[in-house]
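Trainee: got a predicted structure here, sequence first:
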Amino acid sequence: MLLLLAACFTIGLAGWGRLYNETDGQYSGAAKIMAHGGSWIVPENNGEPRLVKPPLLYWAMATGFKVFGIHEFAARLPNALALIFWVWITWQIGMRFGGSRVGFLSGGILLSFLGSATLARIIMPEPIFAASVAAAVACILEEARESRGRSGRWVLGFWLFSALACFSKGIHGLLYTVAIVGILAAIFPARRKALGVFLSLAGILLFLAILLPWHIAVEVHHPGFLRNLFFNEYLGHFLGQKITATGYTNVPRWQFLLLHLAWFFPWSFVALWMLFTRKGEKNPRPDAFISVTLGAWAVLVFLSVMFAGQRQDYYAMTLWPVAAIAMAAVINSAGLRRCAKFLAGFSLLLFAATLCTYWLVTHGDFGAASTAARSTAWRTVSGLDAGIWREILGRFLFAFPVAGICWLGAVWTERKSQSGVSPFLLILGALVIQLAAVGGTASVAPYFSLANIAIPLNQTPSAELAYDGPLNTGSSLMFYYDGHIDFLVSDKQKALFSERWHGGVPMALITETRLLPVWEKALGAALQPEMKSGTQVLVRNRH
């Protein structure tokens, strides 16, 4: 039932909503070129190599495009499958930690995090990376469980998933998994010899066989690639260097921590309430080896993210299974009935708060920020206009009562000793809320995607298309538009574009609505928007 829920929620919803700018467009645009016969060795964005990440996600998406066609479902399918696998691995580890009910709750909580409904739907390597790291950790635990690490049965799996983590995002996939083994060897001296089985020549050769061919091939095509990858991309992210390829907006530590209350919603509030109101419940003592493994996993990821020079909202997704297992253990020890009662009351409170917020938004004065200003989750929330908020809040006004009914059902079934049904209803109620979140992200797509402009533009006579801004803020064009795009970033590029505007070539420009007066002055002509997507509009030179 857990896997069925996961499949319905991920694969079933993969085609809902347009792809966004930023990573959605960058990855899907490069995979689209691969599917159309472009190079599978060097991913490209608008004719330029995109080599800041390894190619596993590009290859998975391009394969999906060839099988299913080029559309949103195929683009999101690899991460949907990764999320299902991630949930299954979390369930397995949760069972090892606290038994069957904790295992089910662990997988279900991870699936029904708000972050799983929002961040995990973004096309980026994190779901594959996080699932691969979790699978490598599961191999450590399984190897330790079978003959206390002497069988070697799971060692190849450890190196395989470590390699897939590295091949999806970067070398820190190996650093995390090897460091966990090292910490376990340091804390459990009696198991050092058993843990030494992970220093397997066959495993290391498998790891290298997966990673080396592509890296060597790209280095041959682009000398200096490896140096740039390690010193600029990997080390640059960690040190916070402002490099062209990696100069993303940084999320301050306090925002990063506060956002995780939202990403773990509603379970973060449940776990906190139960921790602060516990009544002396006696928790069963879990296996020390498993506890230390989970602790090392969480601490390594958390510290590396918190003390890195650059961080984004999604960098800590790798430790989400640990958070889900910890929350499941707290809920199970405090009692599912008590948890369900809290959630039922919480849903009523959320409904009232949402209703009040809806009224304030309806009678308030809000203005949407520009596309470039909506570069992080925090800025996105603070930069939405009233119309967007009304549409989002309207979905939650329906979702919270339905979720409350599910949670009341969990209270009743737990009272009737229907122990197999109540955990399912707990997870189902949370998924109803996350369904509203998915719908919300789909409904506001025009403010984060240029599909509404690009798709009709493909049906009109060809014109030279320019986008007023960098590639990342208009990257959805590379997926939805079939021609070449000029991204106008420098003053020189904008000046050359202005000179050609009055020539004999049909030209089109996408820019922010607020910048139309600036462009009218630069082009010396009145501009009439023909199409609009959020705060951005399309204008033509009428040729």
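Mentor: All right, it came through fine. Numbers count the residues shown, from 1 in each chain.

Trainee: contacts only, for L348.
Mentor: By CB atoms under 8 Å, 6 or more residues apart in numbering, the contact set of L348 is 400, 404. All C-beta spots, glycine's among them, are computed from the backbone N, C-alpha and C.

Trainee: hang on, I meant A344
Mentor: Contacts for A344 (CB under 8 Å, 6+ apart) come out as 404, 407-408, 411.

Trainee: strands - which of the residues you listed land there?
Mentor: Counting by DSSP state E, the contacts of A344 place none of their members in strands.

Trainee: reformat the residues you listed as TSV; add pLDDT.
Mentor: Shown next, in TSV, are the contacts of A344 (pLDDT from 0 to 100):
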residue	pLDDT
G404	95
W407	93
L408	93
V411	91
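
Trainee: looking at those, which is nearest L156?
Mentor: W407 (43.1 Å; CB to CB).

Trainee: surely the closest one touches A340?
Mentor: Yes: contact criterion CB atoms under 8 Å: W407 and A340 qualify, at 5.0 Å.

Trainee: per-residue confidence at W501?
Mentor: If you check W501, the pLDDT there is 87.

Trainee: give me the neighbour count for it.
Mentor: Neighbours of W501 under the rule other CB atoms under 10 Å: 19.

Trainee: ditto for H484
Mentor: By other CB under 10 Å, neighbour count at H484 equals 11.

Trainee: now, which of the contacts of A344 sits nearest L208?
Mentor: Taking CB to CB as the measure, L208 lies nearest W407 of these, at 49.8 Å.

Trainee: ok, now how distant is the closest one from S422?
Mentor: As defined by CB to CB, to the nearest Å, W407 lies at a distance of 10 Å from S422.

Trainee: out of the two, which sits in the busier spot?
Mentor: Shown here are W407 and S422; by other CB under 10 Å, W407 has more neighbours (27 against 24).

Trainee: so for stretch 430-446, mean pLDDT?
Mentor: Averaging pLDDT along stretch 430-446 yields 92.

Trainee: for stretch 357-367, same thing?
Mentor: Averaged across stretch 357-367, pLDDT comes to 69.

Trainee: spatially nearest residue to W214, not counting backbone neighbours?
Mentor: Once flanking residues are discounted, W214 sits nearest to P55: 6.2 Å by CB to CB, 6 or more residues apart in numbering.

Trainee: with R145 instead?
Mentor: R96 (7.2 Å).

Trainee: in which helix or strand does the one you found reside?
Mentor: Assessed by DSSP states H and E, R96 sits inside helix 72-98.

Trainee: relative to the whole chain's centre, how far out is that helix?
Mentor: 13 Å (CA atoms, centre = their mean, to the nearest Å).

Trainee: whichever helix or strand comes after it - contacts with which helices or strands?
Mentor: The helix or strand immediately downstream of helix 72-98 is helix 100-111, counting by DSSP H and E. Packed against helix 100-111 by the contact rule (3 or more CB pairs under 8 Å, 6 or more residues apart in numbering; DSSP states H and E) you find helix 2-10, helix 72-98, helix 320-334, helix 422-443.

Trainee: out of those, nearest to G17?
Mentor: Smallest distance to G17 across these (CB to CB): 3.0 Å, for helix 422-443.

Trainee: name the residues of the following helix or strand past the closest one that are buried.
Mentor: The C-terminal neighbour of helix 422-443 among helices and strands, as given by DSSP H and E, is helix 451-457. Within helix 451-457, the residues that qualify as buried are 451-454, 457, counting by 16 or more other CB atoms under 10 Å.

Trainee: following element in sequence after helix 451-457, please.
Mentor: Counting by DSSP H and E, the next helix or strand C-terminal to helix 451-457 is strand 464-468.

Trainee: mean pLDDT per helix and strand in this protein: which one sits at the bottom?
Mentor: helix 377-382 (a mean of 51; mean pLDDT, DSSP states H and E).

Trainee: need the helices and strands packed on helix 100-111 in CSV with distance to I392, can you?
Mentor: As requested, the helices and strands packed on helix 100-111 are exported to CSV (distance: least, CB to CB, whole Å):
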stretch, distance to I392
helix 2-10, 19
helix 72-98, 20
helix 320-334, 23
helix 422-443, 4
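
Trainee: among those, which comes closest to S132?
Mentor: From those, taking CB to CB, the stretch that ends up closest is helix 72-98, at 8.3 Å.
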